[in-house]
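K.L.:
Coordinates for the following, if possible.
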Amino acid sequence: MERSSPGVKQEGPSRRDAPRRESALEMVGDTPLVRLEHVTEHLSDEVEVWAKLEFMNPGGSVKDRPARQIILDALEAGDLGDGQTLIDSTSGNTGIAYAMIGAAVGVDVTLVMPENVSPARKHIVRTYGADIIFSDPMEGSDGAIRKVRELVDNDDDDAYFYADQYSNPSNPRAHQLTTAPEIWEQTEGRITHFVTATGTSGTIMGVARGLREFDASIEVIGVQPDDAFHGLEGLKHMPSAIVPDLYDESLLDDVRFVSTDSSWDMADRLAREEGIPVGYSAAANVLEAVRVAEELDEGVVVTIICDHADRYFEE
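P.N.:
Next comes the predicted model:
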């Protein structure tokens with residue numbers, strides 16, 4: 001995994017090497033791992049920072065993995081069926097993933113979203129045929145959680161299957177089974193640190209468990225917004241939020257806090273310097289991954305690019 005020289009043409013794979021998939025479900029996962037070259041120029045030559053491009057999933061985000069696992073596990077267990085509608089709260093990406101996979105397997109989807117999520121996310125969800133119920137925009141993701149719980153509590157006809165991404169063990173299981181082994185293989189077992197932010201916390205919990213099955217010495221660092229009133233959509237400031245049942249801080253070696261402004265600045269840098277336009281939560285991941293790397297004399301730091309910047313464009 002040597003650093004390639006900028007400007008030198010690299011021979012890519014032939015079209016014959018492109019995989020063939022039987023369905024959209026099989027397109028989830030196996031996302032690229034890309035070394036960050038320019039935002040890391042000040043680091044030691046013995047320190048590497050790599051980003052896993054989860055916007056290469058068919059639904060455009062890291063949330064395709066848990067959404068697929070949640071739906072497939074529920075169908076297999078018989079918890080979802082008989083014409084039930086899957087319902088859950090979401091700030092956008094998980095909702096898009098539910099809608100896409102629901103369309104692929106024939107499951108109706110209803111999503112509770114804060115009314116101020118980006119127009120792009122609303123449009124994508126509706127394109128897949130899902131219904132949206134809006135919650136109070138001032139209450140963020142916690143308001144959506146409270147709203148969906150109210151709807152489920154009043155569901156006397158058992159019309160809904162409540163996917164509950166914040167408590168469903170299939171969420172971290174998806175990352176333990178897929179994301180962690182991919183990172184281990186893509187780094188050739190050289191990863192020393194994994195850094196990512198917490199929303200549902202499914203990604204970091206699942207990857208932590210999965211990576212430590214390969215090497216218990218790998219350090220896992222959680223990232224959170226540094227304020228309750230932040231602008232990093234999808235992330236949780238745990239001291240002031242409804243803490244997900246999935247979140248287990250004992251699995252983390254450290255918890256770091258990032259500001260909205262610094263994360264937005266990193267999003268600009270990634271687009272302009274690396275050619276990777278990302279969402280603000282992904283930029284927060286990279287920001288802290290670089291900070292962790294600055295503390296090392298040698299090491300391989302991996303983080304997650306949750307989604308693409310196009311999810312945040314306004315009309």
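
K.L.:
any idea how far residue 279 is from residue 127?
P.N.:
For residue 127, the distance to residue 279 equals 19 Å [C-beta to C-beta, to the nearest Å]. Just so you know, the C-beta spots here come from the backbone N, C-alpha and C atoms, and that holds for glycine as well.

K.L.:
Between those two, which is the more surrounded one?
P.N.:
residue 279 (27 against 12; other C-beta atoms under 10 Å).

K.L.:
residues in contact with the more buried one?
P.N.:
233, 234, 267, 306, 307, 308, 309, 311, 312 (C-beta atoms under 8 Å, 6 or more residues apart in numbering).

K.L.:
make it 10 Å
P.N.:
Residues in contact with residue 279, defined by C-beta atoms under 10 Å, 6 or more residues apart in numbering, are 55, 60-61, 92-93, 118, 232-234, 263, 267, 285, 305-312.

K.L.:
Kindly supply the ChimeraX command isolating those of these that are buried.
P.N.:
To isolate the buried members of the contacts of residue 279 in ChimeraX, using 16 or more other C-beta atoms under 10 Å:
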select :55,60,61,92,93,118,232,233,234,263,267,285,305,306,307,308,309,311,312
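
K.L.:
Just the ones of the contacts of residue 279 in helices?
P.N.:
Counted as lying in helices by DSSP state H, out of these, are 93, 263, 267, 285.

K.L.:
Surely the third one is in contact with residue 306?
P.N.:
Meaning residue 267. No - using C-beta atoms under 10 Å, residue 267 makes no contact with residue 306, being 11.5 Å away.

K.L.:
Identify the contacts common to those two.
P.N.:
278, 279, 280, 281, 282, 283, 284.

K.L.:
Which ones among those lie within helices?
P.N.:
Using DSSP H, the shared contacts of residue 267 and residue 306 in helices are 280, 281, 282, 283, 284.

K.L.:
ok, of the residues you listed, which one's closest to residue 257?
P.N.:
residue 284 (9.7 Å; C-beta to C-beta).

K.L.:
what's around the closest residue to residue 249 other than its chain neighbours, how many residues?
P.N.:
Excluding its sequence neighbours, the residue lying closest to residue 249 (C-beta to C-beta, 6 or more residues apart in numbering) is residue 255, at 6.8 Å. Using other C-beta under 10 Å, residue 255 has 12 other residues around it.

K.L.:
Appreciated, that's everything.
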